[in-house]
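Peer 1: sequence unknown, structure follows:
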């Protein structure tokens, strides 16, 4: 996996991240790791964007208040260094995440991440495996039924031929003690 690092500067704000493009699977956790420097007390805000949708995830200050929106409150972990953790990923979590750091002087800087969320393939494989086994069992039962019907058909035809021959034994079982 290619690791890209980036430092962005705006006025007195600099933001650094070791990785901007992340790929995870459904139900995994992800940490959008950033470090920043600025003069003054920063306000950190995270926003999610995908297609025409833009949602605020939350805002916080290091050592101060934390305000995570209700949609994300059970899944977001806010860190004082600006990083954000998101747990129990869903397919719809894939998209573009932007951290905006605003300092008390009013200057701000945005920094973006791309998150791709993949479906969990092993569940599909389990479904296919169970389906294959069920069909294989059904095919085995059908082959056994065909084999038994073929045996019965051959016995019936053999008995019928014996009856049609003059002077031959009948198809009824003869008792050897008689």
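Peer 2: Thanks, I have it. Keep in mind the model is a prediction, meaning the values are calculated, not measured. Numbering: from 1, shown residues only.

Peer 1: Off-centre distance for the helix or strand hosting residue 152?
Peer 2: Using DSSP states H and E, residue 152 sits within helix 121-164. Distance of helix 121-164 from the chain centroid (CA atoms, centre = their mean, to the nearest Å) equals 37 Å.

Peer 1: So what's the model's average confidence on that helix?
Peer 2: Mean per-residue pLDDT for helix 121-164: 89.

Peer 1: Pretty sure residue 24 sits against residue 30.
Peer 2: Yes: at 5.0 Å, residue 24 counts as touching residue 30 under the criterion of CB atoms under 8 Å. Just so you know, the C-beta spots here come from the backbone N, C-alpha and C atoms, and that holds for glycine as well.

Peer 1: list the residues that contact both of those two?
Peer 2: Taking CB atoms under 8 Å, 6 or more residues apart in numbering as the contact rule, the neighbours common to residue 24 and residue 30 are 89, 115.

Peer 1: Now the element after the lowest-mean-pLDDT helix or strand in the chain, going C-ward?
Peer 2: The helix or strand with the lowest mean pLDDT-type score in the chain, counting by mean pLDDT, DSSP states H and E, is strand 6-10 (a mean of 48). Next helix or strand after strand 6-10 toward the C-terminus (DSSP H and E): strand 13-17.

Peer 1: now that next one, how far from the centre of its chain.
Peer 2: 31 Å.

Peer 1: which helices and strands does it pack with?
Peer 2: Packing partners of strand 13-17 (3 or more CB pairs under 8 Å, 6 or more residues apart in numbering; DSSP states H and E): strand 6-10, strand 35-37, strand 95-103, strand 108-118.

Peer 1: Need those in CSV (columns: mean neighbour count and distance to residue 78).
Peer 2: Formatted as CSV, the helices and strands packed on strand 13-17 follow (neighbours: other CB atoms under 10 Å; distance: least, CB to CB, whole Å):
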stretch, mean neighbour count, distance to residue 78
strand 6-10, 13, 20
strand 35-37, 16, 14
strand 95-103, 19, 11
strand 108-118, 17, 15
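
Peer 1: Out of those strands, point me to the one whose mean pLDDT is lowest.
Peer 2: Among the helices and strands packed on strand 13-17, strand 6-10 scores lowest, at a mean of 48.
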